[in-house]
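With the input below, show me the fold.
(chains A and B)
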Amino acid sequence: MLTNLECIFAVLFNIITFFVFGSMITGRFKERRFSGTLSVITGFFLYYILFEAACIPIILLYRPLHVLSFIWGGIMVAVFIISTVINHKIWMSFFRETVDFLRRNPGFAIFSALLIVISSVIIINCYQFTLDAAYYVGTANTTLFTDSINIYDPYTGMWQDHFEMRYFFANYAVNDAVMCYFTGFHPLIWTKTVMEAVVIVLNAMVMYRLGRALFGEDLTKTGIFMFFAMFICFFYSTIYTYADFFVTRTYEGKTILGSVVLPLIFLVYIKLLKNHKDIFLWLLLLLMSIGSIVLSNSSSMLFPAALLIFVPPLLIIKKDIRIIFKSAAVVLPCILSVLIYVLYVKGYFVLYTMPR
Amino acid sequence: MQDLSVTGDGLLYLSKCIGLYNGSSLFMLLYLLVLIFIVVKGGDEWKRIFLFPSIVLLFTVYNPVFPIFINRIFDINKEYYRFLWITPVYALLPAAATVYITRDEKSRGRMIVSFAGVLLILMGLGSFTYAKGYIPKQNVYKIPDEVMSVSKMIRKNTDMKYPVAIMDRDMQMEIRQYDASILLACNRTQYLDFLGDAFEDELTAEKNEYVNRLLSVVAKHEEIDKDSFREALDKTNTQFVVVEKNSPVIRYLVDTGLDSVGTTGGRIIFKYDLKEPVYLDFADYSAIWEEQF
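Model prediction:
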């Protein structure tokens, strides 16, 4: 019971953290209506980008996890303070609007909450055996236990003489270890309960935004849309589909890619169809592009591919050549990470885990 | 996707990949039907949102030449299915269901009947995640209780801080998620490649020689020469062997000189007295840190 309560607090803490981080960006676009869900989603990517920026130098300096934890803790506190100072007025008016919205639409609020809670309970309470957990949870546990970052093989626990570049930038699991260091959670509980619930909430938020983008202010339609988006996940299960990953391997970085990032790119496409000059949308895409690299190495290929699917229609409909340049700028981080990996595979460089 | 190969299957790779991706689910077909409906009766907005990107998908991700092209740059044999995730099934099917159900919002009864109808269609055309049963988690860690028992048993029977073990596949994949102080003699790729009889070049085979011997016994239940097995245990510093209770090599392990130090619900834990045990510890980086600053 205590663990369940702790997990609920941890989930809420994560969502609030993303909201605070995201507000740093969404709060700056005064011409746009401040959105809580969009702030959480934006904050999620900003959070992991900043984490990566703190993490990579620590890895390259062979420093232990606890050093990264303290640095990251400091950054989080700083962001919380700065964001509160610059956004508190926006938040106050947002909370008033939210309370008002919930009062006017209690049915939708209860329905959405139930949808998230029921699907979370079903997914989280199920035992699932997946081979990849040996890497994802193994990395978090090994990192925490050895007080080092990516130096020991998560599969075996043995010291590695060089960093595996395939996962060098995908430090999502390292963040799990940092949070376990702070909270005292076992990585299994953090990844397979707390982060699973967080991903389910993020997915529901993206689906809510998609519903609103498709059906406008009609909350009945948005609610039905959200329900079927979730329902389909439980009935599209063949071990390869995004839906199966979402239901059975929710804690993996690539699941977030399939169930949050890709639908979000689609949502941004719909928004760009309305206003392709919206700077915020392009900025969000850029944040997603960089942030996705932290989630999973697959994103380096998948993100550009997904974006490029939407560029030709946008180009034809909007007849604005700048869309190509903006898209190219957005996918550049992914391309760079692919290039680095290719150079590593071709033997051009190796990063050793101990200076030589 | 393990059996598919872009080079081997050529232009057929994509259709095989799509077949495996969808399995018995007909959601992709439903997606196509809704798209055709949009072509015939859809408004401009829905065509822009759903149809245009789908056409681009058809010429790229769903183009049989595309995986062949991509595979020249990256090995995508096992992972091409992730490109299929881009298809907005997650949005089009729920959106179509919503439009269908709410086509006459004034009639609540009609909406409820439509809702139930759509649910039944999706359930009928889909493949249910828990079709083979819903297995509730046994504990907060979401691993079998037995993993914890094995960890406890190993810790109880060793004086090493970081003992090395080799285990049956499932236990091998889960033990370090729970207890990172237990080291494993081989990694996941080695284990799965060995089980799948993957090709090993001369260099890899030489590198994996001792691990392969361990896996021959533990994973493939082959009774190799006992001295050869003991040598592999010594060379890899492997102190513990965990096998399932119904494993056919239990007698063999006893005959090889391993002691059964405990049993759990479905496993037996064997201990081997290493000739020259190596007491592993973490690498010391303090000198490097001092040099840096």
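
Look through chain B and tell me its longest helix.
helix B:108-125 (DSSP state H).

What residues sit buried inside that one?
B:111, B:114-115, B:118-119, B:122, B:125 (16 or more other CB atoms under 10 Å in any protein chain shown). In this view, the C-beta of every residue, glycine as well, is placed from N, C-alpha and C.

what does it rub up against?
A:224, A:228, A:231-232, A:235, B:25-27, B:29-30, B:93, B:97, B:100-105 (CB atoms under 8 Å, 6 or more residues apart in numbering or on different chains).

what mean pLDDT does that helix have?
Averaged across helix B:108-125, the pLDDT comes to 95.

Excluding residues flanking it in the chain, which one is nearest A:G211?
Once flanking residues are discounted, A:G211 sits nearest to A:T222: 3.5 Å by CB to CB, 6 or more residues apart in numbering or on different chains.

The one you found contacts A:Y208, correct?
Yes: using CB atoms under 8 Å, A:T222 is in contact with A:Y208, at 6.5 Å.

If you count surrounding residues, which of the two has more?
The residue with more neighbours, out of A:T222 and A:Y208, is A:T222; 24 against 21, by other CB atoms under 10 Å in any protein chain shown.

ok, then the element right after the host helix or strand of the more buried one?
Using DSSP states H and E, A:T222 falls within helix A:219-234. Next helix or strand after helix A:219-234 toward the C-terminus (DSSP H and E): helix A:242-248.

what's the spacing between the nearest residue to A:F231 once chain neighbours are set aside and A:S120?
Leaving aside its sequence neighbours, A:F231 sits nearest to B:L122 (CB to CB, 6+ apart; 6.6 Å). According to CB to CB, to the nearest Å, B:L122 and A:S120 sit 21 Å apart.

what's the answer for A:T98, then?
21 Å.

quick one: which of those two has more around it?
A:S120 (20 against 13).

Can you name the residue of chain B nearest chain A?
Chain B approaches chain A most closely through B:G126 (3.0 Å), counting by CB to the nearest CB.

so that residue touches A:F228, yeah?
No: taking contacts as CB under 8 Å, B:G126 lies outside contact range of A:F228: 11.4 Å.

Strands along the stretch 151-293 of chain B, start to end?
In the stretch 151-293 of chain B, the strands defined using DSSP state E, counting those that start in this stretch lie at B:164-167, B:183-184, B:238-244, B:259-263, B:267-271.

Include mean neighbour count when you put those into CSV, please.
Formatted as CSV, those follow (neighbours: other CB atoms under 10 Å in any protein chain shown):
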stretch, mean neighbour count
strand B:164-167, 25
strand B:183-184, 26
strand B:238-244, 23
strand B:259-263, 14
strand B:267-271, 22
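
Let me know the secondary structure of A:N14.
helix (DSSP: H, G, I helix; E, B strand; the rest coil).

Put the alpha carbons of stretch B:110-123 into CSV.
Only the C-alpha atoms of stretch B:110-123 are listed here, as CSV (Å, rounded to 0.1, in the frame of the first residue of the first chain):
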residue,chain,number,x,y,z
ARG,B,110,-28.3,5.0,-31.8
MET,B,111,-25.0,6.2,-30.4
ILE,B,112,-24.9,3.5,-27.8
VAL,B,113,-25.7,0.8,-30.4
SER,B,114,-23.1,2.2,-32.8
PHE,B,115,-20.5,2.3,-30.0
ALA,B,116,-21.2,-1.3,-29.1
GLY,B,117,-21.0,-2.3,-32.8
VAL,B,118,-17.7,-0.6,-33.3
LEU,B,119,-16.3,-2.2,-30.1
LEU,B,120,-17.4,-5.6,-31.4
ILE,B,121,-15.9,-5.0,-34.9
LEU,B,122,-12.5,-3.9,-33.4
MET,B,123,-12.5,-6.8,-31.0
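
roughly how far out does it sit from the chain middle?
34 Å (CA atoms, centre = their mean, to the nearest Å).

The nearest residue to B:F37 once chain neighbours are set aside: neighbouring residues, count only.
Excluding its sequence neighbours, the residue lying closest to B:F37 (CB to CB, 6+ apart) is B:A96, at 7.7 Å. The local packing of B:A96 (other CB under 10 Å) involves 22 other residues.

Identify the single longest helix in chain A, thanks.
Max-length helix for chain A by DSSP H is helix A:65-104.

and B:D3, which of the three is it?
coil.

now it: how far from B:F282?
40 Å.

Which one of those two is surrounded by more residues?
B:F282 (15 against 11).

Check which element follows the stretch of helix or strand A:L307 belongs to along the chain.
Assigned by DSSP H and E, A:L307 belongs to helix A:299-318. Sequence-wise, the next helix or strand downstream of helix A:299-318 (DSSP H and E) is helix A:322-345.

Report the mean confidence score over that next one.
Mean predicted confidence for helix A:322-345 is 95.

next one: stretch B:177-185
Stretch B:177-185 comes out at a mean pLDDT of 97.

next one: stretch B:20-30
pLDDT averaged over stretch B:20-30 gives 95.

pLDDT score assigned to B:K207?
82.

correct me, but A:A54 touches A:F70?
No: if you go by CB under 8 Å, A:A54 and A:F70 don't touch, sitting 10.2 Å apart.

Between the two, tell me which one has more neighbours.
A:A54 (19 against 13).

Can you tell me how far that one is from chain B?
17 Å (CB to the nearest CB, to the nearest Å).

A:Y47 too?
23 Å.

how about the nearest residue to that residue, chain neighbours excluded?
Using CB to CB, 6+ apart, the nearest residue to A:Y47 is A:F21, at 4.7 Å.

Give me the pLDDT for the one you found.
98.

Checking my notes, it in a helix, right?
Yes: counting by three-state DSSP, one finds A:F21 located in a helix.

what's the spacing between it and chain B?
Distance from A:F21 to chain B, by CB to the nearest CB: 25 Å.

and that residue, what does it touch?
Going by CB under 8 Å, 6+ apart, the list of residues near A:F21 reads A:42-44, A:46-47, A:50, A:79, A:83.
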